[in-house]
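Chemist: Fold the following for me, if possible:
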Amino acid sequence: MAYSVVGIVNMGLSRIGVKRIAALTENSEQAIAANAVLEYIRDEVLEAKDWRFAKTRVALAQNAIAPVYGYDYAYTLPTDFLRLCFRKDVDPSFYPSGAYATAWTADELTIRARNYYYIVEALADGTKCIFTDYDNTDYDLYITYIRKVTDPSKYSPSFVNCFADRIAAELATYLTEGRQKFVDRMTIYKDTLKTADEINRSLDYVNETGNNDWLKAGR
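Modeler: All right, here's what the predicted structure looks like:
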């Protein structure tokens, strides 16, 4: 089935015992309250984990304006950028293509014995960028990032569950006048996030180095 925003909102409303809505445009207390927070909550939940449906890789263009000090270059981030993906030893979130990397940490790449630190900041005009000393003249600079996804048909089941729990928590105090219900729903939301993260991680290939005795157990 294709997920819908109304369906996700109704999941959240049901979890706090509040009447469901037929449309976000209706003149009901529930719809008005949901509309006021929906985009903020969606982006917060998207930002929380490396959701596979929101994870993408792009080459960045160098901005004509350089940072005022500290770094040589600024690379403009996509308009749908939420954050860099979590770094992995075999898959950093920041990587110059074609260049031989010998090591990396969360905010540094070592290429041909030279260290390239980087940070995410904004230029004076508000343009969000990656600042670094790496020059992309010879090789592109790539990032893996979490993007803002507004189409609910792209969402995974575990994300939908987390999104609904977070909406429930946000609307609990306003619609039920119960502060404790907000606290309880936030606890549940954090638990569903952990479960979703485990599902997310299970999609990665892991090269096991142990023996394969477990394969024989089911025979």
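Chemist: contacts, neighbours, all on C-alpha from now
Modeler: OK.
Chemist: Going along the chain, name the helices of this protein.
Modeler: 5-14, 29-48, 157-176, 179-201, 213-217 (DSSP state H).
Chemist: In terms of mean pLDDT, which of the ones you listed ranks lowest?
Modeler: Mean pLDDT values for these show the minimum at helix 213-217, a mean of 40.
Chemist: what's near enough to touch Y174?
Modeler: A33 (Cα atoms under 8 Å, 6 or more residues apart in numbering).
Chemist: Which segments of the chain make up each domain?
Modeler: Domain assignment for the chain, taken from automatic domain parsing, gives 5-51+156-201, 52-146.
Chemist: Quick one: end-to-end distance for the longest one.
Modeler: This means domain 52-146. 9 Å (Cα to Cα, to the nearest Å).
Chemist: next one: the shortest one
Modeler: Its first and final residues considered, domain 5-51+156-201 spans 26 Å by Cα to Cα.
Chemist: neighbours around G17, how many?
Modeler: Neighbour count for G17, taken as other Cα atoms under 10 Å: 12.
Chemist: ugh, typo on my part, it should be A33
Modeler: Using other Cα under 10 Å: A33 sits among 15 other residues.
Chemist: Can you verify my assumption that it contacts L171?
Modeler: Yes: with contact defined as Cα atoms under 8 Å, A33 and L171 form a contacting pair (7.1 Å).
Chemist: Scan the chain for its longest strand.
Modeler: strand 114-122 (DSSP state E).
Chemist: which residue is nearest the centroid of this protein?
Modeler: Nearest residue to the geometric centre of the chain (Cα atoms, centre = their mean): E47, 3.3 Å.
Chemist: Nearest residue to that one in space, please, no chain neighbours.
Modeler: L82 (6.2 Å; Cα to Cα, 6 or more residues apart in numbering).
Chemist: any idea how far that neighbour is from A23?
Modeler: 28 Å.
Chemist: what about these two, which has more around it?
Modeler: For L82 versus A23, the count of surrounding residues by other Cα under 10 Å is larger for L82: 19 against 14.
Chemist: Could you report the separation of the spatially closest residue to V149 that is not a sequence neighbour from L24?
Modeler: Spatial nearest neighbour of V149, chain neighbours left out: A54 (6.3 Å); criterion: Cα to Cα, 6+ apart. Distance, A54 to L24, using Cα to Cα: 24 Å.
Chemist: Neighbour count: the two, which is higher?
Modeler: A54 (19 against 16).
Chemist: doesn't T150 make contact with that one?
Modeler: No: here A54 does not reach T150: they are 10.0 Å apart, not a contact under Cα under 8 Å.
Chemist: what's the closest of the helices of the chain to T132?
Modeler: helix 29-48 (23.0 Å; Cα to Cα).
Chemist: any idea of the angle the closest one forms with helix 179-201?
Modeler: Between helix 29-48 and helix 179-201, the angle comes out at 40 degrees (axes from the mean of the first three to the mean of the last three Cα atoms, to 10 degrees).
Chemist: tell me what helix 29-48 is packed against?
Modeler: strand 81-84, strand 141-147, helix 157-176 (3 or more Cα pairs under 8 Å, 6 or more residues apart in numbering; DSSP states H and E).
Chemist: And the last one, how far out from the chain middle?
Modeler: Taking Cα atoms, centre = their mean, to the nearest Å, one finds helix 157-176 lying 17 Å from the centre of the chain it belongs to.
Chemist: likewise the second one?
Modeler: For strand 141-147, the separation from the chain centroid amounts to 11 Å (computed by Cα atoms, centre = their mean).
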